[in-house]
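coords below, sequence missing:
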């Protein structure tokens, strides 16, 4: 098999240099992967911001609803918080986050931060959880880490603005941890975890002494 002669190769190269047909198509072919990548990444980032905002809204709604428990009780006796009350608002939070799979990919944690009259410490009197994701509160739990033992709870919120409960009152602390998996595999490179919280002071008189009354809770954190 004869190899092309040098003059032939030179003539072919010169002709290719002069040929400008389909230049735009070729340039578009080179740029198309970049455009697709930018579009996919932009879509992913926009959806990520939307879901993060929705997680924050669920946390705010949960803490707000928890702070109002007992307001509709018209009896002369100061109302307590029941397991049924907590299950109801926790179920509402799960339904609010159903569109982005909060129950399957997230963890909802609701805690009652209170003032302990004997020790003067801040502590979690009770804590309830929902969601399949195995995550714990950033502050403590209702057992050994409730703030009355070696583990201290100095308040909730940012390190520069700690929120504490006053004597005879309580603070409802809603924390949500959510594993964002992404809608386009590989656009971000790895899963992102959102953590949002909301803190509300209880709105009305509440009998804090018994903690949570009632049985058959669907929101125990060790369930």
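Received it, and whenever you're ready, just let me know what you need. Predicted model only: the values in this text are computed from it and were never measured. Numbers count the residues shown, from 1 in each chain.

tally of neighbours for residue 174?
Counted with other CB atoms under 10 Å, the burial measure for residue 174 works out to 26 neighbours. Where you see a C-beta, it was placed from the backbone N, CA and C, and this is true even at glycine.

could you report the pLDDT at it?
Among the per-residue scores, residue 174 shows a pLDDT of 98.

same question for residue 28.
Predicted confidence (pLDDT) at residue 28: the value is 66.

equivalent analysis for the one 10 residues further on, please.
Predicted confidence (pLDDT) for residue 38: 78.

which stretches in this structure count as strands?
Ranges of strands in the chain, per DSSP state E, are 81-82, 106-115, 122-130, 170-180, 192-201, 212-213.

closest one to residue 155 among the ones you listed?
In terms of CB to CB, the element of the strands of the chain nearest to residue 155 is strand 122-130, at 6.1 Å.

identify the residues contacting the closest one?
Under the criterion CB atoms under 8 Å, 6 or more residues apart in numbering, residues 81, 86, 90-91, 93-94, 103, 107-116, 137, 139-142, 146-148, 153-155, 164-165, 170, 208, 211-212, 217-221, 223 lie in contact with strand 122-130.

what separates that strand from the chain centre, distance-wise?
Strand 122-130 sits 18 Å away from the centroid of its parent chain (CA atoms, centre = their mean, to the nearest Å).

which stretches of this structure have low pLDDT?
For the chain, residues meeting the criterion pLDDT under 70 lie at 1-5, 16-24, 27-28, 71-77, 185-190, 223.

would you mind finding the longest helix in it?
If you go by DSSP state H, the chain has its longest helix at helix 23-67.

now the angle from that one to strand 192-201?
Orientation check (axes from the mean of the first three to the mean of the last three CA atoms, to 10 degrees): helix 23-67 against strand 192-201 gives 30 degrees.

list the helices and strands helix 23-67 packs on?
In terms of contacts (3 or more CB pairs under 8 Å, 6 or more residues apart in numbering; DSSP states H and E), helix 23-67 is packed against helix 83-96, strand 106-115, strand 170-180, strand 192-201.
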